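>>> Test case, fold it:
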Amino acid sequence: MRFLRQLLLPVLALASLALARSSTGDSVLILLDPSLKKEDFSVFFGDLEKKGYQLTFRSPKDATPEIIKDDVAQFAHVVVFAPNTKSFAADVTPQSLVSLLSKNTNLLLALSPKQTPLSSLASEFSLILPPPGTPLVSHFPKRDTPPTVIPVDVPATHDIISPNLPPVWFSGVPQALGNNPMLVPILKAPPQAFASDADSDKGADALVEAAEKSGEGLWAGSSLSLVTGFQALSNARATWLGGVELFSDDFINKEISKGVKSGNRQFASDVAAWTFQESHVLRIDSVEHHRVNETLPRETYTINDRVTYTTYISKYNPELDLWEPYSGIKDMQLEFTMLDPHIRTSLPPIAGEPGKYSVTFRVPDRHGVFKFVNDYKRKGWTYLTSSTVVPVVPPRHDEYPRFLSAAWPYYAGAFSTSAAFVLFVTLWLAGDDREPKKSKGAKAE
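Numbering: from 1, shown residues only. Modelled structure (predicted):
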């Protein structure tokens, strides 16, 4: 099988040029604000088409093509670039956009400093926006751009973003993140940036002091997010952009300094790849469980059995459009649970066997209905969840050991008592049996 895969890899590589790069589909609906021109985002849209995506454009107020028809999502991905739209078509509502996540449709949404329906929807994703009309402002470093057009450093090491990217240009609204474990921060605001309704730096020092005192500092500093991902329990993904200009041709072609182009193009490609489930996509192929020295699973296990649990995990390769064994998880755990976990142990990868994770443990001395639970959730990665129910029963009457080591004192007491009784009886029976002598008086008579 491995030899056959090696032969097929070159063929699959050529075939992937005409296939979707996403693990969920290649159809993309783009809701583009009438105030925006498609040509202003030609680089971003062109890169998507080169990957094999099929783009469909529609105005936010148009009725066709429908996003959901007969309760079925018509597109694998939906992009909403509508920063100035105050009202959408009947099929584009906050409820319909949220329902797309349950149908495994991914969302890429751009916010605006203006108050729009998307601003209200953002709160449903635990994103807290500043008051309307307060975009992100920064006066550092000194540059020839307005204070609202900010160069933002990209983290040198980030799971989602390519390493060592140049700074990216940003203009838009920041977001404060709520206490939601499903949020995935992608790009943070610079420490010296803040949300303000004025472009001048008047009062900036007071705002910084308030930030240090945890006052109005909610809208200042690197605690703010500019691009935020969200991954639902269905593994569908939604990404919120603080401003649509982040993906524009103007920011992509704009230089950070003389001769140094911005990292907006690669950043936009990386964000879209994560949102459309190209990258960081895992799945559980199969699970196995059996007793040690056996190969087939049992319908029931006996207490104190030695059991081996094995799972096989694959990672999606967007370049070849196939799933490959993946052994890069180092912190996965397995729970053997009945209401509460009775056993929680690490589930490590097996060296030399790609994609295989296995662990052997002893079944607890407790009978009942148990479950093998594998629940792996890490920010930015597909959630891996598996649950297998197995009953645990006491040993049968002929499966108990003949002698218990803990009962040897009782065995010794019983054997010693029996031996003493036999010795007593033996001495009693083997004793001298003589008739009593008669007295002289008795003979005279």
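>>> How many residues are close by residue 35?
9 (other Cβ atoms under 10 Å). From N, CA and C alone the C-beta is placed, and that goes for glycine too.
>>> Distance check, it against residue 41.
13 Å (Cβ to Cβ, to the nearest Å).
>>> can you check residue 353 too?
As judged by Cβ to Cβ, residue 353 and residue 41 stand 45 Å apart.
>>> These two: which is more packed in?
Using other Cβ under 10 Å, the more surrounded residue of residue 353 and residue 41 is residue 41, with 23 against 13.
>>> Test my guess that the more buried one contacts residue 245.
No: the criterion here is Cβ atoms under 8 Å, and residue 41 misses it with residue 245 at 9.7 Å.
>>> how about low-confidence regions in this protein?
Where the chain drops to pLDDT under 70, the residues are 1-20, 199-218, 432-445.
>>> In it, which helix is the longest?
helix 408-429 (DSSP state H).
>>> Now that helix: buried residues?
Within helix 408-429, no residue counts as buried by 16 or more other Cβ atoms under 10 Å.
>>> Let me see the residues that make contact with it.
Outside of helix 408-429, the residues within contact range by Cβ atoms under 8 Å, 6 or more residues apart in numbering are residue 403.
>>> distance between it and the chain's centre?
Here the centre of helix 408-429 is set off from its chain's centre by 68 Å, with Cα atoms, centre = their mean, to the nearest Å.
>>> Longest strand in this structure, by number of residues?
The residue-count maximum for a strand in the chain (DSSP state E) belongs to strand 306-317.
>>> Could you please name the strands that strand pairs with and the direction of each pair?
Sheet pairing for strand 306-317, assigned by DSSP bridges, gives strand 282-291 (antiparallel), strand 322-325 (antiparallel), strand 356-362 (antiparallel).
>>> and the next helix or strand after the longest one, what does it pack onto?
Just to be clear, that refers to strand 282-291. Going down the chain from strand 282-291, the next helix or strand is strand 301-302, by DSSP states H and E. Under the contact criterion of 3 or more Cβ pairs under 8 Å, 6 or more residues apart in numbering; DSSP states H and E, strand 301-302 touches strand 384-393.
>>> any idea how far the strand it packs on is from the chain center?
The answer for strand 384-393 is 20 Å, by Cα atoms, centre = their mean.
>>> likewise stretch 64-74?
Per Cα atoms, centre = their mean, the centroid offset for stretch 64-74 relative to its chain is 28 Å.
>>> same deal with stretch 400-413?
With Cα atoms, centre = their mean, you get 51 Å for stretch 400-413.
>>> Just the terminal-to-terminal distance for that stretch.
Stretch 400-413 has an end-to-end distance of 22 Å (Cα to Cα, to the nearest Å).
>>> ok, residue 112 - how many residues close by?
Around residue 112 there are 22 residues (other Cβ under 10 Å).
>>> Surely residue 109 is in contact with residue 238?
Yes: with contact defined as Cβ under 8 Å, residue 109 reaches residue 238; the gap is 6.7 Å.
>>> Now do the helices in the stretch 101-250 of the chain.
For the stretch 101-250 of the chain, the helices defined by DSSP state H, counting those that start in this stretch cover 117-124, 204-212, 249-253.
>>> what residues are up against residue 98?
Counted by Cβ under 8 Å, 6+ apart, residue 98 has contacts 121, 124.
>>> What are the phi and psi values at it?
phi -70, psi -40 (degrees, to the nearest 10).
>>> Adjust the sequence numbering to begin at 37 for everything that follows.
From this message on, residue numbering opens at 37, which makes the last subject residue 134.
>>> picking up where we left off before, mind giving me TSV with the strands paired with strand 342-353 and columns for distance to residue 441 and mean neighbour count?
Below are those laid out as TSV (distance: least, Cβ to Cβ, whole Å; neighbours: other Cβ atoms under 10 Å):
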stretch	distance to residue 441	mean neighbour count
strand 318-327	23	15
strand 358-361	45	16
strand 392-398	17	16
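>>> Quick one: closest of those strands to residue 169.
strand 318-327 (41.8 Å; Cβ to Cβ).
>>> How far off centre is that closest one?
For strand 318-327, the distance to the chain centre is 18 Å (Cα atoms, centre = their mean).
>>> Alpha carbons of it, as CSV, please.
Output of strand 318-327 as CSV, limited to C-alpha atoms (Å, rounded to 0.1, in the frame of the first residue of the first chain):
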residue,chain,number,x,y,z
LEU,A,318,-7.3,16.7,11.2
ARG,A,319,-9.6,13.8,11.3
ILE,A,320,-9.8,10.4,13.1
ASP,A,321,-9.7,7.6,10.6
SER,A,322,-10.4,4.7,12.9
VAL,A,323,-10.1,3.5,16.5
GLU,A,324,-9.3,0.0,17.8
HIS,A,325,-9.4,-1.6,21.2
HIS,A,326,-8.6,-5.1,22.4
ARG,A,327,-7.0,-7.1,25.2
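>>> Strand 420-429 and that strand, what's the angle between them?
Calculated by axes from the mean of the first three to the mean of the last three Cα atoms, to 10 degrees, strand 318-327 forms an angle of 20 degrees with strand 420-429.
>>> Show me what strand 318-327 is in contact with.
So strand 318-327 is contacted by 332-334, 337, 341-352, 359, 362, 391, 408, 410, 417-418, 420-422, 424, 426 (Cβ under 8 Å, 6+ apart).
>>> and with 7 Å instead?
332-334, 341-351, 359, 362, 408, 417-418, 420, 422, 424 (Cβ atoms under 7 Å, 6 or more residues apart in numbering).
>>> Tell me the buried residues within these.
341, 343-351, 359, 362, 408, 417-418, 420, 422.
>>> Could you find the closest non-adjacent residue to residue 395?
residue 383 (5.2 Å; Cβ to Cβ, 6 or more residues apart in numbering).
>>> Run a quick neighbour tally on the one you found.
Residue 383 has 19 neighbours, counted by other Cβ under 10 Å.
>>> quick one: it and residue 331, what's the gap?
19 Å.
>>> And for residue 209?
58 Å.
>>> These two - which one has more neighbours?
Between residue 209 and residue 331, counted using other Cβ under 10 Å, the more crowded position is residue 209 (26 against 8).
>>> Verify the stated contact: that one with residue 171.
Yes: counting by Cβ atoms under 7 Å, residue 209 does reach residue 171; the two are 5.6 Å apart.
>>> okay, and the common contacts of these two?
Contacts common to residue 209 and residue 171, judged by Cβ under 7 Å, 6+ apart, are residue 149.
>>> can you pull the contacts of residue 158?
Taking Cβ under 7 Å, 6+ apart, one finds 147, 165, 211, 276 in contact with residue 158.
>>> and the last one, how many neighbours?
As a burial measure, the neighbour count of residue 276 was computed by other Cβ under 10 Å and equals 25.
>>> repeat for the second one
When neighbours are defined as other Cβ under 10 Å, residue 165 has 23 of them.
>>> Contact partners for it?
Applying Cβ under 7 Å, 6+ apart, the residues near residue 165 are 155, 158, 209, 211.
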